[in-house]
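>>> Give me a 3D structure for the following:
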Amino acid sequence: MEVQAGKLLQQINYPSDLKKFNEEDLPEISQELRQYIIDIVSVNGGHFGASLGVVELTVALHYVLNTPYDQLVWDVGHQAYGHKILTGRREIFYTNRLYKGISGFPKRAESIYDTFGVGHSSTSISAALGMAVASHRKGEHDRQHVAVIGDGAMTGGMAFEALNHAGIENSNLLVILNDNCMSIDPNVGALKEYLTNISTSRSYNRFRDEVSHILAKISALGPDAFQIAKKLEKSIKGTILKNSNLFESLQFRYFGPVDGHNVKQLVKVLKDLRDIPGPKLLHCITVKGKGYALAEKDQTVWHAPGLFDKITGEIKKPVYDKPKPPKYQDVFGETIIELAENNPKIIGITPAMPSGSSLNLMMKAMPERAFDVGIAEQHAVTFSAGLATQGMVPFCNIYSSFMQRGYDQMVHDVAIQKLNVVFCLDRAGLAGADGPTHHGAYDLAYMRCIPNMIVSAPMNEEELRNLMFTAQQENMGPFSIRYPRGNGVMVNWQKPMKALPIGKGRRICDGEEVAILTIGTIGNEAVKAVQTLNQEGIYPAHYDLRFVKPLDEELLHEVFKKFDQVITVEDGCLQGGMGSAVIEFMADKGYAAKVVRLGIPDRFIEHGEQPELWAECGYDAASISTQVKKLAVKRATQTIAS
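Predicted structure coming up:
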């Protein structure tokens, strides 16, 4: 389906084209940009509400700034669709998040306008500050540096660390706080209440309307006049709005709040702020999903709704002839409630992903026992550790790629103390269209090198339930369970749970000549491969390790005593992963076999649907079949030659 841009937007290929228009044209350009995003995302999918909420801000920034010389950093990047369209990618925007298409996030390799690659939260201020300090050292004193960060991302510890540093550098840095009370789910915490207090103070809002414009004029009179104005402004702000000094106590000049959907006012404010030196923060009030009524009403659902009818708003869901297996995240969400009903020690924790992890089910059923701690993975881990010291059994649910951000806490605060924290790592393996920032490629490798850690991966929904049941047993210690994005393989999955023996795998089927060893849900691709091979008269054995730490040594002895040709398959990195663990065992025990490792190669994998990426990396069912055939043919050739 071809999507036509509006008549003004058609004339804008780069920000230089945008600057040719009068300010009076900007509201219409904003409306056309918003409609173009709606038109494309409705038929292509992607992140929706976040980009609609910053349309006017995006237009104003590229209208006022001299990008790409002036450097603009988007935090996370969910909101950067309008930015991409205005910076040379309008005609290829239909490929957004598709295999071999443009990325759904800002990416330095994709465009000079994408100054910093993002995908994880709370990095923008640190990055923009680094750019500002570098520009200062190079003598580029006229260069602007802008970080656009949401109030959700502002809850991340990195954001506060960066603000603390930026306040003493006096660099030319503007932080734009995009305040819509949302990340993917509604924001939580004291910062949200603080920002609400600022945005609803009528007396303060009356005062702030003229401050930035006046200060910009005064700054032209010289540094002495400007310093006097700063002191006067700070005194008045503190009088009008009690406790208004959060940002200013960090040496940031605070401006706002302003209407983030009034593009002409934004242009005026940004021009004023451009002339004010030092670190500044502009507080913009926006509505996530702005301009699409259903997205404004249900902002969580419309964060990334998939395909939908842009006229009726009906979200299109595939129709199946037979019942479909559940998503793994929903198996987790239902199972933790079952476990918690029988074990009062169980607590659920997530860093700002209640709907993405399905912990929202527990938050609704048992609100006093489920915690959304904000975008704060490090805190989530150590908070869980604190709970565990008091006899609680915390289930800390974090996406695999986000778990990397709490790695030190996992080692230092959990593993060293042998605390029974259960890490449920969602989106493990290749996660799909979100690409390399979200692929859970490394958890098997980074988990299995930690002493005291049990590292497991279920092959199906029943196994996930059993591992969760096992992990809450007494004196279990740190326990990691990984599972992928998407649907499972079992329709009838709610079976009675049982404890599994730690470090014990299972034989799926016996066979000849070649043994396939798998870990986790990718083992189902091996099942498909074996079925196909059996039809061709080839009969490999298949073993599900279930645990990568501790390894099932009894099972591995069985494998290496019987087979001298082994294939390992994992939806994780080859360096240090399950295949590496198997080879280490082989070497340590004195076996000598041909081992072929299939998994994620030593490079970052781009975005695409999971089956497309499995095939690219060579460990889908077809690739597994091919490797078995190669070994079987080689064995037959060697037999004939001998």
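>>> so what does whichever strand in the chain runs longest touch, helix or strand wise?
For the chain, the longest strand by residue count, based on DSSP state E, is strand 565-573. When contacts are defined as 3 or more C-beta pairs under 8 Å, 6 or more residues apart in numbering; DSSP states H and E, strand 565-573 packs onto helix 443-448, strand 515-518, helix 523-535, helix 578-589, strand 594-600, helix 621-641. For the C-beta atoms, the positions are set from N, CA and C on the backbone; glycine is no exception.
>>> Run me through the strand neighbours of the second one, direction for each.
The one in question is strand 515-518. Partners of strand 515-518 in the sheet, by DSSP bridges, are strand 541-544 (parallel), strand 565-573 (parallel).
>>> Quickly compare the helices and strands packed on strand 565-573 and say which is most buried.
Neighbour counts (mean count of other C-beta atoms under 10 Å) averaged over each of these peak at strand 515-518, with a mean of 28.
>>> relative to helix 523-535, how tilted is the longest strand of the chain?
150 degrees (axes from the mean of the first three to the mean of the last three C-alpha atoms, to 10 degrees).
>>> tell me the mean pLDDT for strand 565-573?
Computed over strand 565-573, the mean pLDDT rounds to 98.
>>> what number of residues lie near residue 561?
Burial measure for residue 561: 9 neighbouring residues, criterion other C-beta atoms under 10 Å.
>>> Find the residue ranges of the protein scoring beneath the pLDDT cut-off.
Applying pLDDT under 70 to the chain flags residues 1, 182-190, 192-193, 196-245, 635-642.
>>> Residue 90 - nearest residue in space that isn't next to it in sequence?
Nearest residue to residue 90 in three dimensions, chain neighbours excluded: residue 5, at 6.3 Å (C-beta to C-beta, 6 or more residues apart in numbering).
>>> check contacts around the one you found.
Residue 5 is in contact with 32, 36, 90, counting by C-beta atoms under 8 Å, 6 or more residues apart in numbering.
>>> Out of these, name the ones that lie in helices.
Using DSSP state H, 32, 36 are the members of the contacts of residue 5 that sit in helices.
>>> picking up where we left off before, reduced to three states, what does the residue nearest to residue 90 come out as?
At residue 5 the chain is in coil, as set by DSSP: H, G, I helix; E, B strand; the rest coil.
>>> Same check on residue 558?
Residue 558 is classified as helix under three-state DSSP.
>>> repeat for residue 102
Residue 102 ends up coil, using three-state DSSP.
>>> quick thing: my sequence starts at 56, can you match it?
Renumbered: residue one is now 56, and that last one reads residue 157.
>>> Within its local environment, how many residues does it see?
Using other C-beta under 10 Å, residue 157 is surrounded by 18 other residues.
>>> correct me, but it touches residue 144?
Yes - in this structure residue 157 lies within contact range of residue 144 using C-beta atoms under 8 Å: 6.0 Å.
>>> now the contacts of residue 60 in a markdown table, with distance to residue 452?
Formatted as a markdown table, these follow (distance: C-beta to C-beta, whole Å):
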| residue | distance to residue 452 |
| --- | --- |
| 87 | 41 |
| 91 | 36 |
| 145 | 38 |
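>>> Let me see the domain layout of the chain.
123-134+154-349, 383-537, 561-696 (automatic domain parsing).
>>> sorry, back to before: out of the strands paired with strand 570-573, nearest to residue 403?
Within those, the stretch nearest residue 403 is strand 620-628; the backing value is 25.1 Å (C-beta to C-beta).
>>> now the closest one against strand 649-655, angle please.
Our comparison of strand 620-628 with strand 649-655, counting by the same axes, to 10 degrees, yields an angle of 20 degrees.
>>> Buried deepest among the strands paired with strand 570-573, which one?
Per-stretch averages of neighbours, counted by mean count of other C-beta under 10 Å, single out strand 620-628 among those, with a mean of 27.
>>> and residue 86, how many neighbours does it have?
17.
>>> just to revisit the earlier point, columns distance to residue 384 on top of the helices and strands packed on strand 620-628, output as TSV?
Converted to TSV, the helices and strands packed on strand 620-628 look like this (distance: least, C-beta to C-beta, whole Å):
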stretch	distance to residue 384
helix 498-503	16
strand 570-573	21
helix 578-590	17
helix 633-644	23
strand 649-655	21
helix 676-696	24
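>>> Minimum distance to residue 543: which of these has it?
helix 578-590 (8.8 Å).
>>> elements contacting that closest one?
By 3+ C-beta pairs under 8 Å, 6+ apart, helix 578-590 packs against strand 561-564, strand 570-573, strand 596-599, strand 620-628, helix 676-696.
>>> now that helix: how far from the chain's centre is it?
Centroid separation for helix 578-590 versus its chain: 32 Å, with C-alpha atoms, centre = their mean, to the nearest Å.
>>> how about that helix as CSV, C-alpha atoms only?
Only the C-alpha atoms of helix 578-590 are listed here, as CSV (Å, rounded to 0.1, in the frame of the first residue of the first chain):
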residue,chain,number,x,y,z
GLY,A,578,14.8,-26.8,20.9
ASN,A,579,11.5,-26.8,19.2
GLU,A,580,13.2,-25.9,16.0
ALA,A,581,15.4,-29.0,16.5
VAL,A,582,12.2,-31.1,17.0
LYS,A,583,11.0,-29.9,13.6
ALA,A,584,14.4,-30.7,12.1
VAL,A,585,14.4,-34.2,13.5
GLN,A,586,10.9,-34.9,12.2
THR,A,587,11.9,-33.8,8.7
LEU,A,588,15.2,-35.8,8.8
ASN,A,589,13.4,-38.9,10.0
GLN,A,590,11.2,-38.8,6.9
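>>> still on that earlier bit, export the strands paired with strand 570-573 to a markdown table and append columns for distance to residue 185.
Converted to a markdown table, these look like this (distance: least, C-beta to C-beta, whole Å):
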| stretch | distance to residue 185 |
| --- | --- |
| strand 596-599 | 46 |
| strand 620-628 | 28 |
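>>> Could you report the distance from the closest residue to residue 91 other than its chain neighbours to residue 399?
Spatial nearest neighbour of residue 91, excluding adjacent residues (C-beta to C-beta, 6+ apart): residue 60 at 5.2 Å. Distance of residue 60 to residue 399, given as C-beta to C-beta, to the nearest Å: 58 Å.
>>> that older thread, winner for burial among the domains of the chain?
A comparison of the domains of the chain by mean neighbour count, using mean count of other C-beta under 10 Å, puts domain 383-537 on top with a mean of 22.
>>> Next, the distance between the ends of that domain.
With C-alpha to C-alpha, to the nearest Å as the measure, the first residue of domain 383-537 is 10 Å from its last.
>>> do the same with stretch 401-417
Distance across stretch 401-417, first residue to last, is 11 Å (C-alpha to C-alpha).
>>> I appreciate the help and will end here.
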